[in-house]
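K.L.:
structure here, sequence nowhere to be found:
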């Protein structure tokens, strides 16, 4: 059970309104990702749900119960922090046992849950070590273990992977996704990394300056972004935006075309330009093209074997069916 | 010496020649350069090392030297070697064991008060409040007052049974004023010294408390720990290393408190510490040999206390 509803929730720090009133529903068992650039209020929103910050106005309901003024410990939520926030003077076992000790769970039950969590997270060999003796990924798993044993109605993750190196991040991303499949518990996950959001989420909430820009499944956001901000934020590399004459041809103020929706050719095409930088990833090649007369830079994706170099003139043809059109306010047209 | 110095200094400041694999002399020159630099470094450190060594070794040697002599400045001066006579006499004096006890009681009492109140004050000062900067400076203030002055202020302005502030408070409640330095002499000394050392403890503990990661406290809050348990399980263990530092440093200084006793009780009413006993033997009894033997005992006591403390709390200092 873990259905979380935010009803006109707002947050002010002094005179500064960081979150204007917003409504949001997170369904039971859903993996929801809050994503947005730094300072967009996503962490604040998570802390409001956790109860670590007080809401200025509005109501938070967890399983239909008003939890607006319930202290954090009584909300039945578990949180994994960016810094892991492990207790450095306690062994891994004691770290995991701490919430149960506070809840006065019987010792046998504590041990049973610790063993179960340790097995699930590959921590069995490290139970007697201190957090300082563990690697970043292991610490992350201890923090997750500490959250699991509470058997919460929802997990809250506050940028849990941002302190890990790239390879480990991919691994932990999978582990958290698997954990969600297994536990089927509601999870709210905060990140600034849209790749994490796309790969893990059932539902993505895109935030910008405290305002929810769009809520939807990863592919909804990818295919039908509601405005220019979401269009530019979701997808990697970023969508190309073209204004002016070329946009007017499509009856829009701005048109957006993703790098992967442009055909590249050496001989013929709708647009042409000069390759400035080519990035070869093996599976794909990205070209940053200048001098098209459309925008400063147009980014295009081609297959890994396409071998244009710096200074080469190339021709590009956008796929007409996936051109996104936006009006002067940046909102999507049709 | 001077030219040698400047030469090696020049060598240090000049850019070292680029190492050429084919030219051996250049490499050798570079080698001797580092050797010169090391010699220069030793020479430059020498004055400080010699000064510090002399500062410690000369008094220590003289204390040991005099402790084996019968030396009475006003009654015949140097009367020759007496072996361990002074040591035996110092220990067998009826004042010895009470003085060791008084020393330990005062040190222990001050340590307990300063650490407990220091932790509480540091926690308090870490709370966001109006005028925190000013309050912090005020809290540090007692540390700037000289021990003699602070003891005199306490003796005359607070603890005086007729005109003292505390006497007025007692009378305001209709009670008979306490003659502090007579009736509660040891407690009074502990109070005065604690007042002086509380700022030190507070300051060190405050910096430690400020380095506590706030996410740890939030995690504990999410885990269901109420404020008192958060303090006990998170804050206090985090402070253990700082508390160890406070205990060790304060012990070193508290074992040798003197001014506070000298200007208040003069060692009467059970406040005669080992330090004060040595002072009495040397200056009041004019027996330098006996006092020196006491000094050696004081060194031994300090070491015993230090070893004891290190055994109890020293493991906190390991990373």
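P.N.:
Here it is on my side, so go on. Because the structure is a prediction, the values reported are computed rather than measured. Residues are numbered from 1 along each chain as shown, chains lettered A, B, ... in the order given.
K.L.:
the closest residue to chain B within the stretch 101-250 of chain A and residue B:224: what is the separation?
P.N.:
Per CB to the nearest CB, residue A:102 is where the stretch 101-250 of chain A lies closest to chain B, at 4.0 Å. From N, CA and C alone the C-beta is placed, and that goes for glycine too. Residue A:102 is 4 Å from residue B:224, where distance means CB to CB, to the nearest Å.
K.L.:
anything in contact with each of these two?
P.N.:
When contacts are counted by CB atoms under 8 Å, 6 or more residues apart in numbering or on different chains, residue A:102 and residue B:224 have residue A:73 as shared neighbours.
K.L.:
chain A contacts on the stretch 1-150 of chain B?
P.N.:
By CB under 8 Å from any CB of the partner chain, no residue of the stretch 1-150 of chain B approaches chain A.
K.L.:
quick one: the residue of the stretch 101-250 of chain A closest to chain B and residue B:228 touch, right?
P.N.:
No: counting by CB atoms under 8 Å, residue A:102 stays clear of residue B:228, with 11.6 Å between them.
K.L.:
more neighbours: the two, which one.
P.N.:
Between residue A:102 and residue B:228, counted using other CB atoms under 10 Å in any protein chain shown, the more crowded position is residue A:102 (18 against 8).
K.L.:
tell me how far the ends of stretch A:161-168 are from each other?
P.N.:
This stretch, stretch A:161-168, spans 9 Å end to end (CA to CA, to the nearest Å).
K.L.:
so what touches stretch A:133-146?
P.N.:
A:78, A:80-81, A:84-86, A:92, A:95-96, A:98-99, A:114, A:117-118, A:120-123, A:126, A:131, A:160-161, A:163-165, A:168, A:171-172, A:175-176, A:179, B:219, B:223.
K.L.:
in it, what counts as buried?
P.N.:
Using 16 or more other CB atoms under 10 Å in any protein chain shown as the burial criterion, the residues of stretch A:133-146 that qualify are A:134, A:137, A:138, A:139, A:140, A:141, A:142, A:143, A:144, A:145, A:146.
K.L.:
show me how far the strand or helix carrying the third one is from its chain's centre.
P.N.:
By that I understand residue A:138. Take DSSP states H and E as the rule and residue A:138 turns out to sit in helix A:136-148. The chain centre lies 19 Å from the centre of helix A:136-148; the measure is CA atoms, centre = their mean, to the nearest Å.
K.L.:
average pLDDT across the helix or strand just after it?
P.N.:
From helix A:136-148 onward toward the C-terminus, using DSSP H and E, the following helix or strand is strand A:154-158. Averaging pLDDT along strand A:154-158 yields 92.
K.L.:
helix or strand right after strand A:154-158?
P.N.:
Using DSSP H and E, the helix or strand that follows strand A:154-158 in sequence is helix A:166-183.
K.L.:
and that next one, what does it pack onto?
P.N.:
helix A:136-148, strand A:186-191, helix A:194-200 (3 or more CB pairs under 8 Å, 6 or more residues apart in numbering or on different chains; DSSP states H and E).
K.L.:
if we use 10 Å, what do you get?
P.N.:
Judged by 3 or more CB pairs under 10 Å, 6 or more residues apart in numbering or on different chains; DSSP states H and E, helix A:166-183 is in contact with strand A:31-35, helix A:107-120, helix A:136-148, strand A:154-158, strand A:186-191, helix A:194-200.
K.L.:
is it true that residue A:80 touches residue A:163?
P.N.:
No: assessed by CB atoms under 10 Å, residue A:80 is found out of contact with residue A:163, at 11.7 Å.
K.L.:
who has more neighbours, the two?
P.N.:
Neighbour count, other CB under 10 Å: between residue A:80 and residue A:163, residue A:80 has more, with 26 against 15.
K.L.:
any idea what the more buried one is bridged to?
P.N.:
According to DSSP bridges, residue A:157 are recorded as the beta-bridge partners of residue A:80.
K.L.:
one step back: check the gap between the residue of the stretch 101-250 of chain A closest to chain B and residue A:86 for me.
P.N.:
Residue A:102 is 15 Å from residue A:86, by CB to CB.
K.L.:
rewinding a little: got the angle for the helix holding residue A:138 vs helix A:166-183?
P.N.:
Here helix A:136-148 points in a direction 20 degrees away from that of helix A:166-183 (axes from the mean of the first three to the mean of the last three CA atoms, to 10 degrees).
K.L.:
could you give the mean pLDDT of stretch A:47-57?
P.N.:
The pLDDT scores in stretch A:47-57 average 90.
K.L.:
swap in stretch B:186-204?
P.N.:
For stretch B:186-204, mean pLDDT is 92.
K.L.:
quick one, what contacts residue A:178?
P.N.:
residue A:120 (CB atoms under 10 Å, 6 or more residues apart in numbering or on different chains).
K.L.:
how far away is it from residue A:187?
P.N.:
Relative to residue A:187, residue A:178 is positioned 12 Å away (CB to CB).
K.L.:
okay, and the common contacts of these two?
P.N.:
What both residue A:178 and residue A:187 touch, as defined by CB under 10 Å, 6+ apart, is an empty set.
K.L.:
shaky segments in chain A?
P.N.:
Scanning chain A with the threshold set as pLDDT under 70 gives A:1.
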